[in-house]
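Participant: My questions are about this predicted structure, shown below with the sequence.
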Amino acid sequence: MRDTISRAYPTESRGRPIIIVMKISNDYPEVFDFDSRDSVSTQSWWNTLGDEWVRVNLITDSLGNTVGSSRSSSDLTGGGDRDLLAALRAEADVIIVGGETVRTEPDCIPRNKDVVIVSKTGNIPLSTIARARGRITVLHGRSGNPPSPIDGVVLRQFTGEAIIQAVRALGYRKIVCEGGPKLVTTLVDAQVVDEWCQTLSPKLGQRIPHLVAPDFGGTLVNVAHDDDGYRYLRQSRNGAPRMSS
């Protein structure tokens, strides 16, 4: 028997409420349903790693492509993906993202979350962070020049270990990296990522060599799907706790 966790979201149509539910079906290791728009259930779904962790969260097509025809990951999104993204961001202390991604996808900066941007040049257009209400910090090289009033921190090396150490030095413990693939690959190669969270989109992306997701490896610990054809995978490494079974 499937255990169903859901919440009704009424809207009005000719005076009568319409119940809107975006069902996520967890397939492994437990079998249950929940509503991705129910913040309590969705936060519980994400809350599996304790008080300190590094997660990568990406959306790709089945071939690992991370963008569509407009060179944006938004070309691939749909289903419950945005709801789960919002819940994972809420679970984190900070979002880290590469400078190239910020420049090409300015909407990737969340409104109400602290963000660390990794950019050797520090070239971050102010327009890309105009709507941000959280703290913005740029990790940049010695010759980098982030615009005022953004806080800048100089990195001597742009290794995965150095990036995470710098983020932790800023006081953050629950870290989500949302790309791009170059930054993700740097963290994965350094083996500093505890959990890989990947949305597999049913839409076909565009093959651009440097915008293809790396192979994480690790152990598959969670599989889910929604009715729009999106699949949600988690892989664990570094002894990260698994979802309870």
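Facilitator: Everything's here; your move.

Participant: Val40: helix or strand, and which one exactly?
Facilitator: helix 39-46 (DSSP states H and E).

Participant: and that helix, what other elements does it pack with?
Facilitator: strand 23-28, strand 32-35, helix 81-91 (3 or more C-beta pairs under 8 Å, 6 or more residues apart in numbering; DSSP states H and E). No exception for glycine: its C-beta is placed from N, CA and C like everyone else's.

Participant: Out of those, flag the one nearest Thr42.
Facilitator: helix 81-91 (4.0 Å; C-beta to C-beta).

Participant: Pull out the buried residues from that closest one.
Facilitator: Neighbour-count burial for helix 81-91, counted by 16 or more other C-beta atoms under 10 Å, picks out Asp81, Asp83, Leu84, Leu85, Ala86, Ala87, Leu88, Arg89, Glu91.

Participant: what about dumping the CA coordinates of stretch 211-228 to PDB?
Facilitator: The C-alpha coordinates for stretch 211-228 follow below in PDB (Å, rounded to 0.1, in the frame of the first residue of the first chain):
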ATOM      1  CA  LEU A 211      28.000  22.400 -20.400                       C
ATOM      2  CA  VAL A 212      27.600  18.700 -19.900                       C
ATOM      3  CA  ALA A 213      27.200  17.300 -16.400                       C
ATOM      4  CA  PRO A 214      30.100  15.200 -15.100                       C
ATOM      5  CA  ASP A 215      29.700  11.600 -13.800                       C
ATOM      6  CA  PHE A 216      29.400  11.700 -10.000                       C
ATOM      7  CA  GLY A 217      29.600   8.000  -9.200                       C
ATOM      8  CA  GLY A 218      28.800   7.200  -5.600                       C
ATOM      9  CA  THR A 219      25.800   5.200  -4.400                       C
ATOM     10  CA  LEU A 220      22.200   5.600  -5.600                       C
ATOM     11  CA  VAL A 221      20.200   6.300  -2.500                       C
ATOM     12  CA  ASN A 222      16.900   7.800  -3.700                       C
ATOM     13  CA  VAL A 223      14.700   7.700  -6.900                       C
ATOM     14  CA  ALA A 224      11.500   9.600  -7.400                       C
ATOM     15  CA  HIS A 225       9.300  10.800 -10.300                       C
ATOM     16  CA  ASP A 226       6.300  13.000 -11.100                       C
ATOM     17  CA  ASP A 227       3.400  12.600 -13.500                       C
ATOM     18  CA  ASP A 228       5.100  15.000 -16.100                       C
END
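
Participant: And the average pLDDT for it is what?
Facilitator: Mean per-residue pLDDT for stretch 211-228: 95.

Participant: from the middle of its chain, how far away would that stretch be?
Facilitator: With C-alpha atoms, centre = their mean, to the nearest Å as the basis, stretch 211-228 stands 12 Å off its chain's centre.

Participant: Show me where the chain has its helices.
Facilitator: Per DSSP state H, the chain carries helices over the ranges 39-46, 81-91, 99-104, 160-169, 181-189.

Participant: Buried residues, the first one. List them.
Facilitator: The one in question is helix 39-46. Ser41, Thr42, Trp45, Trp46.

Participant: The shortest one too?
Facilitator: Neighbour-count burial for helix 99-104, with 16+ other C-beta under 10 Å as criterion, is recorded at Gly99, Glu100, Thr101, Val102, Thr104.
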